[in-house]
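Undergrad: quick one: sequence and predicted model below, then my questions.
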Amino acid sequence: MTASTGPDRVGVKVTLLTINADDNAYKVRIDTRPEGRYRNADGSLRTPLRFTLDEIGGDHTTELAEGQWMPLREATLTADGDTSLYPFDTHHIPLEIAITDERGEPVPITVDLRAGLAPGGPQLH
């Protein structure tokens, strides 16, 4: 993942939808938006991109064509943690995203995490 605040990037918004701590499974929604040289005036892709997300069941790669809109995705991620330590348990959720151009070069991205969790509850780090 190459983090960027430059104008030529893909913005990635990740929203935590559900938590199943017993199974260490976390469902997230991933909304991606091309910016700068990757975006046409109508918001579609100006150049083909490859989007890869590591989730339960392995890597899932989507080939996105020029002129295509980047789709919303939902994914289930696994976490490390032990609920038997409640209320002092901690869970770590790895989020692995890769976006590359048609030459296989990494595309800069920004990531915005949204948990919507109550104060004092679970936190994303």
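TA: Received it, and whenever you're ready, just let me know what you need.

Undergrad: show me the contacts for residue 101.
TA: Counting by C-beta atoms under 8 Å, 6 or more residues apart in numbering, residue 101 touches 47-50, 107. Backbone N, C-alpha and C define where each C-beta goes, glycine included.

Undergrad: try it again at 7 Å.
TA: By C-beta atoms under 7 Å, 6 or more residues apart in numbering, the residues touching residue 101 are 47, 49, 107.

Undergrad: including neighbour count and pLDDT, could those go into CSV?
TA: What follows is the contacts of residue 101, written out as CSV (neighbours: other C-beta atoms under 10 Å; pLDDT from 0 to 100):
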residue, neighbour count, pLDDT
47, 17, 96
49, 22, 97
107, 20, 97
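
Undergrad: just those residues now: which is nearest residue 40?
TA: Distance to residue 40, by C-beta to C-beta, is smallest for residue 47 among the contacts of residue 101, at 9.5 Å.

Undergrad: which residues sit against the least confident helix or strand in the chain by mean pLDDT?
TA: Of all regular secondary-structure elements in the chain, judged by mean pLDDT, DSSP states H and E, the least confident is strand 91-92 with a mean of 76. Contacting residues not belonging to strand 91-92 are listed as 21, 24, 79-81 [C-beta under 7 Å, 6+ apart].

Undergrad: change it to 6 Å
TA: The contact list for strand 91-92 (C-beta atoms under 6 Å, 6 or more residues apart in numbering) reads 79-81.

Undergrad: among the residues you listed, which ones are buried?
TA: Among the contacts of strand 91-92, those classed as buried by 16 or more other C-beta atoms under 10 Å are residue 79.

Undergrad: just the ones of the contacts of strand 91-92 in strands?
TA: The strands, defined by DSSP state E, take in 80-81 from the contacts of strand 91-92.

Undergrad: could the contacts of strand 91-92 go into TSV alongside distance to residue 60 and pLDDT?
TA: Supplementary listing: these in TSV, determined by distance: C-beta to C-beta, whole Å; pLDDT from 0 to 100:
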residue	distance to residue 60	pLDDT
79	18	82
80	21	82
81	23	79
